[in-house]
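Trainee: have a look at this fold, sequence not included:
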């Protein structure tokens, strides 16, 4: 079934996705900086004995993913075609890192995972409308 080339109100979901990406990216970057410069290590008991997790390593991961989310979020808001695919990949990566961080920050991880699912839905289902909206606004 061919999709209409007309821009509908659903494009608002794509803008919502862009705003959420920027917001999540900023929060990830801030929490990543706090963890990256923290000298603490988490110690837990695993199946193979004691597990030591360096918090600063995950801090750098969150910092990099957060910075990329901010950049791609702004590109998505500008209607860049490449930003949709990159955003989908980054949101999946961010959701996976939040699953790993779930024991350390359960509430924040759950909120981030739920928002990530909404963003994925908006980008997959209505992402092409953002490109049409930006193309139709060109002179």
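Mentor: Perfect, thanks for sending it. What you are looking at is a predicted structure, and each value in this text was computed from that prediction instead of being measured.
Trainee: tell me the helix or strand right after the helix or strand containing residue 83.
Mentor: In this structure, residue 83 is located in helix 81-100 according to DSSP states H and E. Using DSSP H and E, the helix or strand that follows helix 81-100 in sequence is helix 106-136.
Trainee: now for the spatially most central residue of the chain: which residues touch it?
Mentor: Among the residues of the chain, the one closest to the centroid is residue 91, at 3.8 Å (C-alpha atoms, centre = their mean). Each residue near residue 91 by C-beta atoms under 8 Å, 6 or more residues apart in numbering is listed here: 21, 69, 116, 119-120, 123. The way it works is simple: take the backbone N, C-alpha and C, and place the C-beta from them, glycine included.
Trainee: how does it look with 10 Å?
Mentor: Contacts for residue 91 (C-beta atoms under 10 Å, 6 or more residues apart in numbering) come out as 17, 20-21, 24, 65, 69, 72, 112, 115-120, 123.
Trainee: nice, that's everything, thank you.
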